[in-house]
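# Let me see the structure of the following:
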Amino acid sequence: MRILRHLFIPDWVAMRAFPASALKDIESAISASESSHRGELRFAVEGSLPLQFVSLTPRQRAEQLFSLLRVWDTAENSGVLIYVQLLDHAIEIVADRGIAAKVAQAEWEAICRSMQADFARGDFGKGSLQGIRQATALLSRHFPAGAHDANELPDRPVIL
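Alright, predicted model coming up:
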């Protein structure tokens, strides 16, 4: 059933949850977030999966995208990917090893559950921004901003 859903539901149907205005709000939230910590946030949204990736779990796909989007490529190993897979109703957060050493996976999973609750009510914008705020709080606590923080990764959400 999952394969059929990904084959026959066009991306534009799934992507209605993230109009241009929501994507702009997410970009602004990430930009503001990164002024309070040394982490680097990426936000990726995928409607339907390409056929060659349908066999992957959402976590496996998120880990694959973590690499493909070069979220790992930061000076302090401080990249964090928030991945939303719309057709599977899945949210995954993958943190680089510098952050994973200080922030338990259970804390990221709690953020995912919070986002999923808003998404279930159809409030994708609110859920996304709340997730970014919660990630910001974690990162600010464990990786406070330094004097010369560089923006190493784009703030704009990635639509796949």
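# residue nearest the centroid of the protein?
Here the mean C-alpha position of the chain is nearest to the C-alpha of residue 82 (Cα atoms, centre = their mean), at a distance of 1.3 Å.
# Check whether that one really touches residue 129, as I assumed.
No: in this structure residue 82 lies outside contact range of residue 129 using Cβ atoms under 8 Å: 11.1 Å. C-beta coordinates here come from the backbone N, C-alpha and C atoms, glycine included.
# for this structure, where's the lowest mean pLDDT among helices and strands?
Counting by mean pLDDT, DSSP states H and E, the weakest-scoring helix or strand in the chain turns out to be helix 11-14, with a mean of 74.
# packing partners for that helix?
Secondary-structure packing of helix 11-14 (3 or more Cβ pairs under 8 Å, 6 or more residues apart in numbering; DSSP states H and E): no helix or strand packs against it.
# which of the residues in it are buried?
Using 16 or more other Cβ atoms under 10 Å as the test for burial, helix 11-14 gives residue 14.
# Repeat that for stretch 65-77.
Counting neighbours by 16+ other Cβ under 10 Å, one finds that the buried residues in stretch 65-77 are 65, 66, 69, 71, 72, 74.
# Next: stretch 132-147.
Buried residues in stretch 132-147, counted by 16+ other Cβ under 10 Å: 132, 134, 135, 136, 138, 139, 140, 142, 143.
# Name the nearest of the buried residues of stretch 65-77 relative to residue 10.
Within the buried residues of stretch 65-77, distances to residue 10 taken as Cβ to Cβ reach their minimum at residue 65, with 20.6 Å.
# could you pull out the strands for the chain?
The residue ranges that make up the strands of the chain, judged by DSSP state E, are 40-46, 79-85, 90-95, 158-159.
# Let me have those strands in TSV, adding distance to residue 24 and mean pLDDT as columns.
Rendered in TSV, the data for the strands of the chain read as follows (distance: least, Cβ to Cβ, whole Å; pLDDT from 0 to 100):
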stretch	distance to residue 24	mean pLDDT
strand 40-46	12	96
strand 79-85	16	97
strand 90-95	20	97
strand 158-159	12	94
